[in-house]
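Engineer: here is my input; please provide its structure:
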Amino acid sequence: KIPNALWANLIQERLSNVDCIKQGWILEGFPENQEQAWMLQSSGIFPRHVGKQHKVCVPVQSRSSFLTVFPVEVFHTTFDWPSDPLVQQRLVKPEDLSEQEVSKKLLEYHRNFPEIFHMYQKVLKSINADQPSVDV
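Structural biologist: Sure, this is the predicted structure:
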């Protein structure tokens with residue numbers, strides 16, 4: 001586990017690079033809690049948009065059993081299956097996505113998201129993720 005202060009410093013350092021300044025940036029899965037959000041703000045990092053994906057609750061075993069991984073990409077077996085047969089053959093199930101791990105992450109997310117999104121309520125966008133990825 002990486003300390004929050006280190007995360008904030010690493011992100012601040014990266015976002016100060018010319019490419020991020022000119023082209024913008026996206027943080028996925030961060031901040032995970034209110035402390036991390038405060039650290040970003042105290043470092044002068046204020047996103048113009050914050051997206052919150054929502055979907056109909058699907059049983060955890062369904063979520064984890066439909067995910068497969070390619071070295072740097074994640075595919076959903078129903079909504080985001082790769083068209084290339086060679087890629088399909090190389091897909092593997094991620095070892096760290098057991099039902100218990102997914103349940104734990106979802107519980108933590110639901111516990112933390114109200115305070116995080118409250119901090120970003122003026123720039124928060126809600127996205128319907130209960131549809132194919134191309135539409136999301």
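Engineer: give me the below-cutoff pLDDT ranges for the chain.
Structural biologist: Low-confidence segments of the chain, defined by pLDDT under 70: 54-79, 94-97.
Engineer: biggest helix in it, by residue count?
Structural biologist: Secondary structure of the chain read by DSSP state H shows that its longest helix is helix 99-119.
Engineer: and it, what's buried?
Structural biologist: Of all the residues in helix 99-119, those buried under the rule 16 or more other Cβ atoms under 10 Å are Val102, Asn112, Ile116, Met119. Backbone N, C-alpha and C define where each C-beta goes, glycine included.
Engineer: now Lys122: how far from Glu32?
Structural biologist: Look at Lys122 and Glu32: by Cβ to Cβ, to the nearest Å, they are 20 Å apart.
Engineer: the two: who's more crowded?
Structural biologist: Glu32 (16 against 6; other Cβ atoms under 10 Å).
Engineer: distance from the longest helix of the chain to the middle of the chain?
Structural biologist: In terms of Cα atoms, centre = their mean, to the nearest Å, the centre of helix 99-119 is set 11 Å apart from its chain centre.
Engineer: try stretch 20-30
Structural biologist: Put simply, stretch 20-30 sits 13 Å off its chain's centre (Cα atoms, centre = their mean).
Engineer: export it as CSV, just CAs?
Structural biologist: Below are the C-alpha coordinates for stretch 20-30, written out as CSV (Å, rounded to 0.1, in the frame of the first residue of the first chain):
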residue,chain,number,x,y,z
CYS,A,20,-0.5,17.0,-19.1
ILE,A,21,-0.6,20.7,-19.1
LYS,A,22,-1.2,20.9,-22.8
GLN,A,23,-3.4,17.9,-23.4
GLY,A,24,-5.1,17.4,-20.0
TRP,A,25,-5.1,14.3,-17.9
ILE,A,26,-7.4,11.5,-16.4
LEU,A,27,-7.0,9.9,-13.1
GLU,A,28,-8.8,6.5,-12.9
GLY,A,29,-9.5,5.0,-9.4
PHE,A,30,-8.0,8.0,-7.6
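Engineer: domains in this structure, by residue range?
Structural biologist: 1-48, 53-135 (the TED database).
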